[in-house]
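>>> Just a sequence and a predicted model for now, questions to come.
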Amino acid sequence: MHAALQITVRYLGPYERPETITFYFFLIGTILTALPLPFIAVQPTLAEVPLLLGVGLSGAAAQWLITTAFRNARAAIVTVFNYSGIVWATLFGWLIWNEFPAPVVMAGAAVVIASNMLVVWREARQGRLSDARFRAKL
């Protein structure tokens, strides 16, 4: 769904507000994820409801920010920052739950991070990081 969002934002970005794109992203996502609910649903406890609401609100805020970023910058650059989640997830997993990914996971993450660094290097070398359209919005 994330790749579909990137393409959609590129096409709709100049015409639609980020709030509209985010709303429809969540509407479609909710419908698609609700399809298996009759088979796997578990009623949340009263203590879990605030946590679920917090996850939903923070997810909506994150989606709005990502949509705004894709609207204002090149997808190749925004995606690099999006993949920084690998580093953050590893750090928080280690600090909070004392978990560390398996070596094969770390090797895969290293490949993903190195590829993204290569994209940034290539974009900088070709002068695309200093895009006048992007600088004007800063």
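Nice, thanks for sending it over.
>>> So which residue is dead centre in this structure?
Geometric centre of the chain, nearest residue: Asn82, 5.4 Å, by Cα atoms, centre = their mean.
>>> Could I get the contacting residues of that one?
Counting by Cβ atoms under 8 Å, 6 or more residues apart in numbering, Asn82 makes contact with Ile66. Bear in mind the C-beta positions are built from the backbone N, C-alpha and C, glycine included.
>>> isn't Trp94 right up against Phe100?
Yes: with contact defined as Cβ atoms under 8 Å, Trp94 reaches Phe100; the gap is 5.5 Å.
>>> tell me the average confidence for the helix or strand hosting Leu95?
Element membership for Leu95 (DSSP states H and E) is helix 85-97. The average of the pLDDT scores along helix 85-97 is 90.
>>> same check, this time on stretch 30-40
The average pLDDT for stretch 30-40 rounds to 90.
>>> Following element in sequence after the helix ranked longest in the chain, please.
Identified as the longest helix of the chain according to DSSP state H is helix 48-72. Downstream of helix 48-72, the next assigned helix or strand under DSSP H and E is helix 75-82.
>>> For that next one, C-alpha coordinates in CSV please.
What follows is helix 75-82 as a C-alpha-only set of coordinates in CSV (Å, rounded to 0.1, in the frame of the first residue of the first chain):
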residue,chain,number,x,y,z
ALA,A,75,10.1,10.2,-3.7
ALA,A,76,13.7,9.0,-3.8
ILE,A,77,14.7,11.4,-1.1
VAL,A,78,11.6,10.9,1.1
THR,A,79,11.9,7.1,1.0
VAL,A,80,15.4,7.4,2.4
PHE,A,81,14.1,9.0,5.5
ASN,A,82,11.3,6.5,5.6
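>>> that older thread, helices or strands up against the longest helix of the chain?
Applying 3 or more Cβ pairs under 8 Å, 6 or more residues apart in numbering; DSSP states H and E, one finds that helix 48-72 contacts helix 2-12, helix 18-34, helix 75-82.
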